[in-house]
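Participant: quick check, what structure comes out for this input:
(one chain, ligands or ions: 1)
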Amino acid sequence: MRLSVLLFSLLCAVLACAAEVRPLLHFTPEKGWLNDPNGLFYDRKDDIWHIYFQSNPKNPFWEKELHWGHATSKDLTNWTQHESAINPSHRGEGILSGSVVVDRNNTSGFFNDSVHPEHRIVALYTRNPGLIETQEAAYSVDGGYTFTKYEKNPVLDVKSSQFRDPKVMWHEASNQWIMTVVEAQDYQIQIYGSDDLKNWNFHSNFSAGYPGFQFECPGLSEVPIAGTNETKWVLFLAINPGAPWGGSASQYFVGDFDGYEFKAIDSLTRFVDIGKDYYALQTFSNVEKKDGVIGISWASNWQYANKVPASNWRGMLAMARNFTLDYVSVNPQKKLLSLVESPIFEANVSKTSEKKNVKLQKGDSIEFETKSGVFEFELDFQTMKNITYPEQPNLDLYITSSNGKESIRFGFEADVGAFYFDRPTNVFQNPYYSNVVTANIQPTKKYEYNIYGVVDQNVIELFFMNGTTSSTNIFYFSDGKPSKVELKSNYNDLFKIQKFSLRDLSV
Ligand SMILES: OC[C@H](O)[C@H](O)CO[C@]1(CO)O[C@H](CO)[C@@H](O)[C@@H]1O
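Facilitator: Reported below is the predicted structural model:
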């Protein structure tokens, strides 16, 4: 091959890599590594959403020396990244996960009258210098861009190597700050109380749910029950590794909280999302909202997060979601009080494609396309009859890359009643990544299902039955971006497509 041709093809390869697609609706770091969201809060004075995140600015993979990366947004969609907000004071030290509160009444004494009450920001996070994990405080007087570490840190030290991830909130009813934090490998969510964010008193332990290897990233939020003016408390908990589907999982409990102890309404374990890539959920603090709480997760799984294809950055956050509670049909008999989720984002619709009331026949396909590789879709369908074994009646949604060679598949088998998500890839051989994720979803009494999904370059967030179940998964084409979307069946007169619509998005 002549040298010029070789150089040209090399240049193309480099440009293709540099031109890699970044998600448009999901936050990704300019460079380096991202995992857990941290310190999520809403600035009521300047109407700004703040996210911090576990950041390794040096390399696109996790290392012990971690910072709190920082970004802000006016619409929970378009983010501006800033300088890291909290940094290690010593080499090899980790500023690990934690949370932020607005201490408007200056209970901590960190502030003087020159600091606007809405800008009295206090972060609580885990410091891991190597062997033990302690909780530290830091305060910001500029609205959350730079922080000063409390000179008498740590604020909480139980001489443990597995004590981390403080999520702090103000509990009005008992007039105190409440911290949930894990004793990770003792399967304890510990609850502490404080008057000043500096002195913490142990209140109670909570230990339940799917254990996995260890507990991580707890959180306690008061969540409204849809259609009522009542609320229940939701205790969030991450486990990793050891999720039922492998690696990382976010679970939650529904119950009551009196300022000292959380009591679950039942002993059932509920998962926030049943995809592979939805971890370390944290809710925003300081949000004045009566119709739900807003939270963000990390869209990956520790089984392969450090190894997925990347250039000089790796990691993304899932879209913000609104969470409420409702009584959800989980089988023909039971309505279970469960989280109901919906994504929050702002985007322009560049094109809408829609088909209604189509009885799909074997070999038929409804075909739409996306120009941007970013789209939302709605699929409402009904299964028209019962199936005789050993038939395998599938309804499949294929999303094919603009390279025309690679597809991912989201589908359903009528007799099993479970949805699957299959993400074959040519660029990432990893045994934990390749397993198909499945979800059992209860249809309506008339065997109807509805699914809403957002696809954003290489991540798909699915919301089943009006968000009563969600499944978040990342995927990797070798090049190109989502281009063709096809709905197909291998069976006659079984699937009635009541509505299949696709809205191509741009920001
Ligand atoms: O290799 C990191 C290890 O898997 C930890 O279990 C990850 O822990 C979490 C959860 O992802 O990330 C944070 C640190 O980056 C830590 O604070 C939190 O518990």
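Participant: which residues of the protein lie near the ligand?
Facilitator: For the chain, the contact set with the ligand under C-beta under 6 Å from any ligand atom comprises 35-36, 54, 62, 66, 96-97, 126, 164-165, 216-217, 240, 280, 302. (Each C-beta comes from the backbone N, C-alpha and C, glycine too.)
Participant: pick out the most distant pair among those residues.
Facilitator: Maximum pairwise distance among the residues of the chain next to the ligand (C-beta to C-beta): 16.9 Å, between Thr126 and Trp302.
Participant: now do the helices in the protein.
Facilitator: Ranges of helices within the chain are 3-18, based on DSSP state H.
Participant: for the closest residue to the ligand within the stretch 351-500 of the chain, which residues are in contact?
Facilitator: Shortest the stretch 351-500 of the chain-to-the ligand distance, computed as C-beta to the nearest ligand atom: residue-wise this is Tyr432, at 13.9 Å. The contact partners of Tyr432, taken as C-beta atoms under 8 Å, 6 or more residues apart in numbering, are Gly246, Gly247, Asn301, Gln303, Tyr304.
Participant: and it, how close does it get to Ile399?
Facilitator: 22 Å (C-beta to C-beta, to the nearest Å).
Participant: Leu3 too?
Facilitator: According to C-beta to C-beta, Leu3 and Ile399 sit 39 Å apart.
Participant: tell me the residue of the stretch 101-250 of the chain that sits nearest the ligand?
Facilitator: Glu216 (3.7 Å).
Participant: beta partners for the nearest residue to that residue once chain neighbours are set aside?
Facilitator: Spatial nearest neighbour of Glu216, excluding adjacent residues (C-beta to C-beta, 6 or more residues apart in numbering): Ala238 at 4.4 Å. Beta-bridge partners recorded for Ala238 (DSSP bridges): Glu216, Ser250.
Participant: identify the residues contacting Ala238.
Facilitator: Phe215, Glu216, Cys217, Pro218, Ser248, Ala249, Ser250, Gln251, Tyr279, Ala280, Leu281.
Participant: follow-up on the earlier one: Leu3 and Ile399: who's more crowded?
Facilitator: Neighbours per residue (other C-beta atoms under 10 Å) separate Leu3 from Ile399, with Ile399 holding more: 25 against 7.
Participant: how about the contacts made by Gly315?
Facilitator: For Gly315, the contact set (C-beta under 8 Å, 6+ apart) comprises Thr28, Pro29, Trp33, Leu34, Asn35, Phe53, Pro60, Trp298, Ser300, Ala305.
Participant: top of the residues you listed by number of neighbours, please.
Facilitator: That'd be Phe53 among the contacts of Gly315, by other C-beta under 10 Å, with 30 neighbours.
Participant: tell me who's in contact with that one.
Facilitator: 27, 29, 34-38, 68-71, 298, 315, 317.
Participant: can we see that at 6 Å?
Facilitator: Residues near Phe53 by C-beta atoms under 6 Å, 6 or more residues apart in numbering: Leu34, Pro37, Asn38, Gly69.
Participant: check Ser372 too.
Facilitator: With contact taken as C-beta under 6 Å, 6+ apart, Ser372 is in contact with Asp504, Ser506.
Participant: spell out the residue ranges of the strands in the stretch 401-507 of the chain.
Facilitator: With DSSP state E, counting those that start in this stretch as the definition, the stretch 401-507 of the chain shows strands at residue ranges 407-413, 418-422, 437-440, 448-456, 459-464, 469-474, 482-489, 495-506.
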